[in-house]
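# Quick one, what's the 3D model for this:
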Amino acid sequence: MALLPMKIPPQLEALTPDVPGSVFNEEFRRACERLDRFVGALSVELAADLGVRPGEPTSVDRLAVERGWGSGGALSVRWLLETLELFGEAERRGDSWRLKGGAPPATSGQVRAEAEQSMPAARPAFEVLSLSAQALPAVLKGELRGEDALFGPAAMGLWFDYFSNANPLYAPNNQVTALAVERAVGRGARVLEVGGGGGSAALALLEALKAAHKPPSSYVFTELQPAFLRRGVRAIQQALPTGCQLRSLRFDIDGDPAAQGLEAGQFDVAFGVNTLHLAGGVVATLKRLRALLRPGGVLVVGELLRPTATAPVHLELPFTLLTSYSQVPLEDGIRVRPGFMSARGWGRALEAAGFRETTILPAQIERCTEIYPGFYCGAITARA
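Model (predicted):
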């Protein structure tokens, strides 16, 4: 496994000529470097809090047996050991890891305080990871559900801030997907968004379409969680172009679209940002979305992409605590570990679902991840 560098290599910018420089800009790079240092320190501290002893070989299964942890936390423990390896704090031998020991140059609290002082807009990313680390011991013991810890009423506002376009660490997910959609459609497109959350992806797309003089004729905004749905609708109403019809509804990507009020063949483009990896069956869900598109219509999958099918994602901790993320069916050659998928896995899934002409933005994302394994942001476009 390639180590995560503490400074983003300068050649990374040259590998994304197909994305405006305003997306992966200096603010984004500085925010990434600060968050990387934070996660590195946090993982060392978390290992100590959980009693993972340096110098001794250990594994996910061994820790579970020794500590009496339930199987529901296995993905989080795997995240911890792999992240320690990614930061050079552990060495792997087969299915076991040996921690090196020693303290990081600065505590996670010190790194966070410095980062938030210089870049307040990035605070939600640090807060989400801190909240997850605090919850992990209780989740492993079966005393707390990850969903309750992270998505209870008290934490809902945090997630609105996290998924916001004001957050320099998340905004590129929306911006790259919006760019891919804008390049794939013409004026008057009929748009479907799945898993729209609090509306930040919709706002990024409407801004991109407006700048390109391609206002949509209709926009169907869907989301399963009622609080997010209400928030998203309010946001979109403020940005909707004149003459564009807005419709909103609760929609489960694992359910029959017709039973939920969506008719076949009525959309020019469908898209989702960091939603479709939650599908109970990825290929089945993609087939259902394909049926909603007109012939030649476009699906854009905006996702955090694993560098390889099994590579760790060092920002993944919050999601490993969630049952909807960690306990999904695996699909051979497509999703070989729970959660986020690789670009190649998505390509195979789209092909199996009957899509064609698949492209990815940035086009050289695999080369990007080779030199910086923390580069995860991409959008995959395919035609029905």
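# what residues are up against Arg37?
By C-beta atoms under 8 Å, 6 or more residues apart in numbering, Arg37 lies in contact with 6, 106, 111. Every residue, glycine included, has its C-beta placed from N, CA and C.
# I'd like the distance between the first one and Pro105.
Relative to Pro105, Met6 is positioned 10 Å away (criterion: C-beta to C-beta, to the nearest Å).
# go on, Ala379?
Taking C-beta to C-beta, one finds Ala379 at 36 Å from Pro105.
# Number of residues surrounding Val185?
Using other C-beta atoms under 10 Å, Val185 is surrounded by 22 other residues.
# ugh, wrong one, Gly94
Quick note: Gly94 (other C-beta under 10 Å) scores 7 neighbours.
# Distance check, it against Glu316.
From Gly94 to Glu316 the distance is 22 Å (C-beta to C-beta).
# cool, Ala227 as well?
24 Å.
# Show me which of the two is the more surrounded one.
Higher neighbour count among Ala227 and Glu316: Glu316, with 25 against 15, using other C-beta under 10 Å.
# Could you look up the SS state of the closest residue to the more buried one other than its chain neighbours?
With C-beta to C-beta, 6 or more residues apart in numbering as the criterion, Glu316 has its nearest non-adjacent residue at 5.6 Å, and that residue is Trp79. Under DSSP: H, G, I helix; E, B strand; the rest coil, Trp79 falls in the helix class.
# if I read this right, Trp79 contacts Thr320, doesn't it?
Yes - with contact defined as C-beta atoms under 8 Å, Trp79 reaches Thr320; the gap is 5.1 Å.
# Which one of these two is surrounded by more residues?
Taking other C-beta under 10 Å, Trp79 and Thr320 do not tie; Trp79 has more neighbours (28 against 24).
# pLDDT below threshold where in the stretch 251-384 of the chain?
Across the stretch 251-384 of the chain, not a single residue meets the criterion (pLDDT under 70).
# Helices of that one, start to end?
Using DSSP state H, counting those that start in this stretch, the helices found in the stretch 251-384 of the chain span residues 282-292, 317-320, 323-326, 343-352, 365-371.
# closest to Val39 out of these?
Distance to Val39, taken as C-beta to C-beta, is lowest for helix 317-320 among those, at 8.1 Å.
# same for that closest one, what does it pack against?
Packing partners of helix 317-320 (3 or more C-beta pairs under 8 Å, 6 or more residues apart in numbering; DSSP states H and E): helix 74-86, helix 123-140, helix 323-326.
# gap between the last one and the chain center?
By that I understand helix 323-326. Chain-centre distance of helix 323-326: 13 Å, with C-alpha atoms, centre = their mean, to the nearest Å.
# any chance you could map the strands in the stretch 51-200 of the chain?
57-58, 90-93, 96-99, 190-193 (DSSP state E, counting those that start in this stretch).
# Could you export these as JSON lines, including mean pLDDT and distance to Gln117?
Below are the strands of the stretch 51-200 of the chain laid out as JSON lines (pLDDT from 0 to 100; distance: least, C-beta to C-beta, whole Å):
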{"stretch": "strand 57-58", "mean pLDDT": "93", "distance to Gln117": "36"}
{"stretch": "strand 90-93", "mean pLDDT": "94", "distance to Gln117": "30"}
{"stretch": "strand 96-99", "mean pLDDT": "95", "distance to Gln117": "31"}
{"stretch": "strand 190-193", "mean pLDDT": "98", "distance to Gln117": "35"}
